[in-house]
Each structure stands twice: as C-alpha cells, then as structure tokens.
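# give me coordinates for this.
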Amino acid sequence: MTSPFDMRRLGRTDINVTSVCLGTMTWGEQNTEKEAHAQLDYARGEGINFIDTAEMYPVPGRAETQGRTESYIGSWIKARRKRDDFILATKVTGRSGMTWTRDKTDGGMTRHTRAQIDEAVEKSLKRLQTDYIDLYQLHWPDRGMPGFGFHSYYDYDTDDMEPLADILAVLARHIEKGNIRHIGISNESAWGTMKYLELSKTQGLPRIASIQNVYSLVARRFDYAQAEIAMREDVGLLPYSILGMGYLTGKYRDGTAPKGSRKDLFPQFLQRYHNHDGPAAIEACLKAADDLGIDPAVFAQKFTESRAFVTSNIIGATTLAQLKANIDAHKIEWTEDMEKAADDIHKRFRSPVC
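Numbering: from 1, shown residues only. Here you go, the predicted structure:
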C-alpha cells in the first residue's frame with residue numbers, strides 16, 4: 001500500500017514506519033470493539049502502517065478493563081488476516097501498583113523482572129492473536145525515578161532497581177525466540193537512554209530503536225537533552241500527548257468540558273495543564289493558530305511531526321471524524337511562519353507542562 005506520509009526508519013532496524021502512528025489507549029473505555037476496528041480500517045486505508053498499544057490499556061488503568069485494547073486489536077488481526085502488512089508496537093508496564101496485570105508480582109508491584117516480562121510478553125501475544133510483536137517497549141522505568149509530571153528531579157535508591165543489563169537480557173531471549181523483533185523505551189530519561197545504548201554496545205545486548213515520551217508545543221523538555229541523543233544515536237522519538245490532552249485543539253478554550261471528552265470523564269489526568277504557565281501557554285498556541293489562519297489541532301500536530309528527531313507522531317481519537325481530522329492535519333506543509341510562531345511561543349513559555 002502506498003502511503004501519503006513520510007516513511008521513516010525505526011532506529012537502526014530494517015523497519016520503515018509512517019510518520020503518523022495510530023494510538024489506541026481509549027479503546028475499551030471510550031471506544032467499543034466495533035469502533036476500534038473502524039478506526040483501524042480507516043487508518044490503514046489512509047496508508048498508516050504503524051499501530052501503538054500497551055498491555056495496561058485502556059486508560060485509565062483498571063483491573064476490569066486491562067488488556068481490552070490489545071484484545072480489540074487481536075480480533076481485528078484475526079478477522080483481516082493481514083498481520084504482515086503493518087508494524088505493531090506494544091508496551092510492558094513499569095514499576096507500579098497495577099498488580100492486576102500479573103499472576104504474581106514482586107513485592108506487590110509490577111516490575112521489569114524476568115518472570116514478569118516473560119508473563120507480559122506471552123499475554124500480549126495471546127491477546128493480540130499474533131506470533132510476534134514488531135516493537136516491544138518498556139512503558140516506564142523499573143527504577144523509582146520521577147517519570148511523569150515533574151519539574152524538579154529527586155533521586156531514588158539505586159539498589160532498589162532491576163539492573164538495566166538484566167532487563168535487556170530478558171528481552172534478548174524473546175528476540176531470539178522470535179516473539180519480538182525490536183525494543184524501545186518510554187517515559188525515559190537521557191541517562192537511561194544512554195545507559196541502555198552503552199550496555200547494548202559493550203555487552204552485545206539488543207539495541208533500543210525508539211523512545212516514546214510526552215512532547216508538544218507546551219511540553220518541550222525533550223528538546224533540552226534528549227533530542228540530540230535521538231538524532232545522533234538513531235533512537236527516534238514517538239511523541240505522545242501531542243494535542244495536550246485536547247487542550248491544543250481549542251475545545252476547552254471557553255472553560256467548559258464537552259460531554260464525553262477526557263476533561264469531562266477523567267479530569268484528574270489533566271491537572272498538569274493547569275499548573276504554572278500552562279493555561280497562558282495553551283492560549284498562546286491557540287492564538288498563534290488563529291493568526292496563521294489554521295486549525296489549532298493542525299498547528300499542534302504538524303509541529304511535532306516536523307521535528308527532525310521524531311520518527312512517528314502518535315495520534316488518537318474517540319470518533320472517526322476526529323481520526324480523519326487528525327490524519328488530514330498531517331497532509332499540509334510546515335512553513336517558516338509556523339516555525340517562527342512555535343519558536344516565539346517556546347521563548348515565552350519554557351515547557352510549562354511536563
């Protein structure tokens with residue numbers, strides 16, 4: 001299938017993915033199985049060859065729904081019988097209290113131990129109804145570092161972490177078995193990224209191909225230390241929350257929350273956009289789009305896709321109309337005026353959202 005999107009190499013692998021990736025975290029919570037299949041069919045029909053999910057999905061993570069997203073994708077794979085036509089990525093849960101994802105945990109927590117990764121891989125393969133996963137990602141670190149929504153770093157007990165070399169060794173076994181083809185990381189730091197790369201080189205362990213971190217017009221910490229790593233080391237970014245949980249679309253501009261929106265259903269996840277200069281930065285993005293004469297969602301999505309260190313933009317939607325709009329947003333050209341507007345916003349607001 002010919003794609004209208006850029007084809008970009010996934011790390012140093014032999015895989016090429018579209019510059020737009022279909023995200024799936026609402027399936028099973030905000031979307032039915034039928035709606036999930038319709039989104040998959042539409043995205044594939046538009047030429048998108050990259051699908052991203054996770055064992056903990058849908059969001060918010062709950063015992064009652066855990067794994068449902070992968071199961072929806074699995075029933076689609078079984079029905080369509082075209083597994084080799086697309087690239088499938090999923091993730092293993094990091095250190096957390098989501099014990100319902102495991103038959104047995106370590107100290108009452110999910111960890112990146114051999115037993116837990118083995119279990120997670122096998123369960124994902126079964127739910128996805130596939131023999132292999134193209135990209136298997138560590139959803140967030142095993143170590144007790146601040147991974148979400150922090151502005152100041154605080155240290156953790158390095159004795160209480162699964163050694164990174166051991167994690168890579170477990171994943172290597174699954175690559176050898178053919179369960180997974182390549183590996184990636186997510187919600188990871190610059191140190192963690194470089195350490196994984198060092199271990200792969202010095203110990204002959206699998207090399208990470210990608211990193212999936214938050215990135216948007218109002219969340220640009222990745223620029224400061226990690227963008228150059230992504231470029232020089234070929235560990236491309238798969239950015240998520242590129243629309244700022246909906247804020248960068250303008251749908252919350254009047255202070256209301258449309259019924260069924262994430263702000264309406266799960267306001268606890270959006271608090272980070274209310275802190276510091278978040279509201280002012282969001283309004284600056286919306287005004288810039290107005291001045292450019294384009295939809296704010298187009299401005300936000302095309303911004304992230306246009307970064308040289310981005311491999312594929314992760315988009316998500318709860319309706320086909322939203323999905324169509326998100327896909328179409330990537331079909332315009334990024335201009336010098338758009339670049340200047342994004343740069344001006346960043347000079348005024350130094351990544352207020354994290």
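# pull out the buried positions in the helix or strand of the chain with the lowest mean pLDDT.
Between all helices and strands in the chain, the lowest mean by mean pLDDT, DSSP states H and E belongs to helix 262-265, at a mean of 85. Buried residues in helix 262-265, counting neighbours by 16 or more other CB atoms under 10 Å, are found at Arg262, Lys263, Leu265. The C-beta positions use only the backbone N, C-alpha and C, and glycine is treated the same way.
# repeat that for stretch 47-56.
Ile48, Asn49, Phe50, Ile51, Asp52, Thr53, Ala54, Glu55, Met56.
# tabulate those residues (CSV), appending pLDDT and secondary structure.
CSV is the format used below for the buried residues of stretch 47-56 (pLDDT from 0 to 100; DSSP: H, G, I helix; E, B strand; the rest coil):
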residue, pLDDT, secondary structure
Ile48, 98, coil
Asn49, 98, coil
Phe50, 98, strand
Ile51, 98, strand
Asp52, 99, strand
Thr53, 99, coil
Ala54, 98, coil
Glu55, 98, coil
Met56, 98, coil
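# out of the residues you listed, who's nearest Ile327?
Nearest to Ile327 out of the buried residues of stretch 47-56 is Ile48 (CB to CB; 7.2 Å).
# how much space between the closest one and Gln30?
20 Å (CB to CB, to the nearest Å).
# quick check: closest non-adjacent residue to the spatially most distant residue from the centre of the chain.
Note on the chain: the largest C-alpha distance from the chain mean falls to Asp291, namely 29.7 Å (CA atoms, centre = their mean). The shortest distance from Asp291 to any non-neighbouring residue, by CB to CB, 6 or more residues apart in numbering, is to Ala341 (7.2 Å).
# how about the one you found, what does it touch?
Shown in contact with Ala341 (CB atoms under 8 Å, 6 or more residues apart in numbering): Ala288, Asp291, Leu292, Phe299.
# circling back to that earlier point, export the buried residues of helix 262-265 to TSV and tack on distance to Gly149?
TSV is the format used below for those (distance: CB to CB, whole Å):
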residue	distance to Gly149
Arg262	16
Lys263	16
Leu265	19
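# looking at the residues you listed, which is nearest Asn326?
Nearest member of those to Asn326, counting by CB to CB, is Arg262, at 14.5 Å.
# coming back round to it: helix/strand/coil for the residue nearest to Asp291?
When classified by DSSP: H, G, I helix; E, B strand; the rest coil, Ala341 comes out as helix.
# and it, what's its pLDDT?
pLDDT recorded at Ala341 is 98.
# what do you get for Gln212?
Gln212 is given a pLDDT of 98.
# still on that earlier bit, so what touches the least confident helix or strand of the chain?
So helix 262-265 is in contact with Gln30, Met245, Gly246, Tyr252, Ala257, Pro258, Phe269, Leu270, going by CB under 8 Å, 6+ apart.
# next secondary structure element downstream of it?
Going down the chain from helix 262-265, the next helix or strand is helix 278-292, by DSSP states H and E.
# could I get the full set of strands for the stretch 51-200 of the chain?
87-92, 133-138, 180-186 (DSSP state E, counting those that start in this stretch).
# how far is the longest one from where the chain is centred?
The gap between the average C-alpha position of strand 180-186 and the chain average comes to 12 Å, counting by CA atoms, centre = their mean, to the nearest Å.
# let me know the angle separating it from strand 87-92.
60 degrees (axes from the mean of the first three to the mean of the last three CA atoms, to 10 degrees).
# can I assume Lys104 is in contact with Ala115?
Yes. In this structure, Lys104 is within contact of Ala115 by CB atoms under 8 Å, at 7.2 Å.
# more neighbours: which of those two?
Set side by side, Lys104 and Ala115 show more neighbours around Ala115, with 14 against 8, by other CB atoms under 10 Å.
# who's in contact with that one?
For Ala115, counting by CB under 8 Å, 6+ apart, the contacting residues are Lys104, Asp106.
# pLDDT wise, what is it at?
According to the prediction, Ala115 has pLDDT 97.
# how about Met1?
57.
# now a ChimeraX select for only the buried ones of the contacts of Ala341.
In ChimeraX, the members of those classed as buried (16+ other CB under 10 Å) are selected with the following command:
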select :288,292,299
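# with that, I have no additional questions.
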